[in-house]
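# Got a predicted structure here, sequence first:
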Amino acid sequence: AQSVTQLGSHVSVSEGALVLLRCNYSSSVPPYLFWYVQYPNQGLQLLLKYTSAATLVKGINGFEAEFKKSETSFHLTKPSAHMSDAAEYFCAVSDDSGAGSYQLTFGKGTKLSVIP
Amino acid sequence: NAGVTQTPKFQVLKTGQSMTLQCAQDMNHNSMYWYRQDPGMGLRLIYYSASEGTTDKGEVPNGYNVSRLNKREFSLRLESAAPSQTSVYFCASSEFGNQPQHFGDGTRLSIL
């Protein structure tokens, strides 16, 4: 079974500073990797996905993530934080449970606070 | 474009009561999922349906049942609610299993 580790349950950055949210996964095969964002009292929205086409993946709202196979990492970055980026972020890995029935395994989430 | 619609949005139950959470998607997706979200635990998969007519257990299926009524609808039933099932429940769908999942806004369920 896959597992996902998000380092830091809570990250605070100043407005305009670099955002770095860390995600490491365990997988014996090339995975599908995702980052989702959750705003208060809402469902999860897809930020970006990695599907082996390119190691640097660009998503919505200026976010991007780099797949590093040697480090089994898929860290999320944004050069300059905005107040509207305050939310909870989830990294997820897709696991083929057999017969094409993929399951998503989520990390426990990182809550991002942006300080004015 | 509604996407994934969950009903109800809020519910309070007493221990031992039963309830069905409804989920419908209008994107013609093949796969549907039910998750629960608890503080500090991320999302945990309860059940999923890879395609119409099939359902399978996820990580935390005990105390729940599901029905894939048709391609659009996937319901989650609590037969005898317990306080440990107090949670926020999310339904999601995807075109196929390895495609991004689209989530509803959740059902906030409290069991007293």
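Done, it's in.
# What is the burial count for A:G59?
When neighbours are counted by other C-beta atoms under 10 Å in any protein chain shown, A:G59 registers 17. For the C-beta atoms, the positions are set from N, CA and C on the backbone; glycine is no exception.
# and residue 64, backbone torsions?
If you meant another chain, say so; for now it's chain A. Listed backbone geometry of A:E64 is phi -150, psi 160, with angles given as degrees, to the nearest 10.
# wrong one, chain B
phi -130, psi 150.
# In terms of pLDDT, where does the nearest residue to it once chain neighbours are set aside sit?
In space, B:Y64 comes closest to B:I46 once its chain neighbours are excluded; the distance is 5.4 Å by C-beta to C-beta, 6 or more residues apart in numbering or on different chains. According to the per-residue confidence, B:I46 scores 96 in pLDDT.
# what about the closest residue to B:K71 other than its chain neighbours, how many neighbours?
Nearest residue to B:K71 in three dimensions, chain neighbours excluded: B:E52, at 4.7 Å (C-beta to C-beta, 6+ apart). Other residues lying near B:E52 total 15 when counted by other C-beta under 10 Å.
# Likewise for the one 10 residues further on?
Taking other C-beta under 10 Å as the criterion, the count of residues near B:N62 is 9.
# which stretches of chain A aren't confidently modelled?
Under the criterion of pLDDT under 70, the regions of chain A flagged as low confidence span A:1, A:28-30, A:96-101.
# List, one by one, the residues from chain A near chain B.
Chain A comes close to chain B at residues A:9, A:32, A:34, A:36, A:41-46, A:49, A:51, A:90, A:94, A:96-97, A:99-109, as judged by C-beta under 8 Å from any C-beta of the partner chain.
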